[in-house]
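In: 3D, please:
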Amino acid sequence: MDDDYDDVSSISTNSDSDEMSDEEDVEVSDSEKDKMRLSADLAEASRIDVTMEMYVQNLAGVDTLISFHGEKNGGGFRYEALEWRMKFTKPNGINPPAKCTFVYCPVQKKLILKKVVK
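Out: Numbers count the residues shown, from 1 in each chain. Predicted coordinates:
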């Protein structure tokens with residue numbers, strides 16, 4: 001894996017509860033990196049391979065449309081967010097080494113920023 005990218009890879013579903021959840025927790029560490037990639041699990045759940053774009057909601061509830069680029073990775077693909085720093089983190093005052101926690105909502109088909117730890 002390239003050191004120049006964040007990989008949204010820690011997805012933990014709420015499988016401990018008896019209720020089905022429509023959201024999955026996703027953490028992104030933005031530590032001196034200006035790019036972000038979706039994990040294979042999140043890419044599959046979001047169907048990013050079909051749409052090549054996804055809305056990302058900030059803490060104020062404002063959505064930003066982020067485009068993605070597919071790149072071969074071994075026997076599959078991974079998806080890099082284009083202009084991540086310029087379109088999302090910088091306008092929202094998120095600077096390295098901030099750690100962002102997102103929730104992926106499959107109903108709304110978007111990542112929702114829930115917490116930023118600076």
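In: longest single helix anywhere in the protein?
Out: helix 40-46 (DSSP state H).
In: Could you check the very next helix or strand once past it and say which residues are buried?
Out: Sequence order places helix 48-51 as the next helix or strand after helix 40-46, per DSSP states H and E. Residues of helix 48-51 classed as buried by neighbour count (16 or more other Cβ atoms under 10 Å): residue 48. (C-beta placed from N, C-alpha, C; glycine too.)
In: Could you do stretch 54-72 as well?
Out: In stretch 54-72, counting by 16+ other Cβ under 10 Å, buried: 54, 56, 57, 58, 64, 66, 68.
In: Helix, strand, or coil at the fifth one?
Out: The one in question is residue 64. Taking DSSP: H, G, I helix; E, B strand; the rest coil as the rule, one finds residue 64 in the strand state.
In: Residue ranges in this protein under the pLDDT threshold?
Out: For the chain, residues meeting the criterion pLDDT under 70 lie at 1-34.
In: show me where it has strands.
Out: Remark: strands assigned in the chain by DSSP state E are 6-8, 10-13, 24-30, 36-38, 53-57, 63-73, 76-81, 98-105, 110-117.
In: Tell me which of those sits nearest to residue 47.
Out: Residue 47 sits nearest to strand 53-57 of all the strands of the chain, at 9.4 Å, using Cβ to Cβ.
In: Give me the helices and strands touching that closest one, please.
Out: The helices and strands touching strand 53-57, judged by 3 or more Cβ pairs under 8 Å, 6 or more residues apart in numbering; DSSP states H and E, are strand 63-73, strand 110-117.
In: Please report the distance of residue 37 from residue 82.
Out: To residue 82, residue 37 is 11 Å away according to Cβ to Cβ, to the nearest Å.
In: The two: who's more crowded?
Out: Set residue 37 next to residue 82 and count neighbours by other Cβ atoms under 10 Å: residue 37 wins out with 24 against 15.
In: Please name the bridge partners of the more buried one.
Out: Per DSSP bridges, the residues bridged to residue 37 are residue 7, residue 80.
In: Was I right to think it contacts residue 77?
Out: No. Applying Cβ atoms under 8 Å, one finds residue 37 not in contact with residue 77, separated by 10.3 Å.
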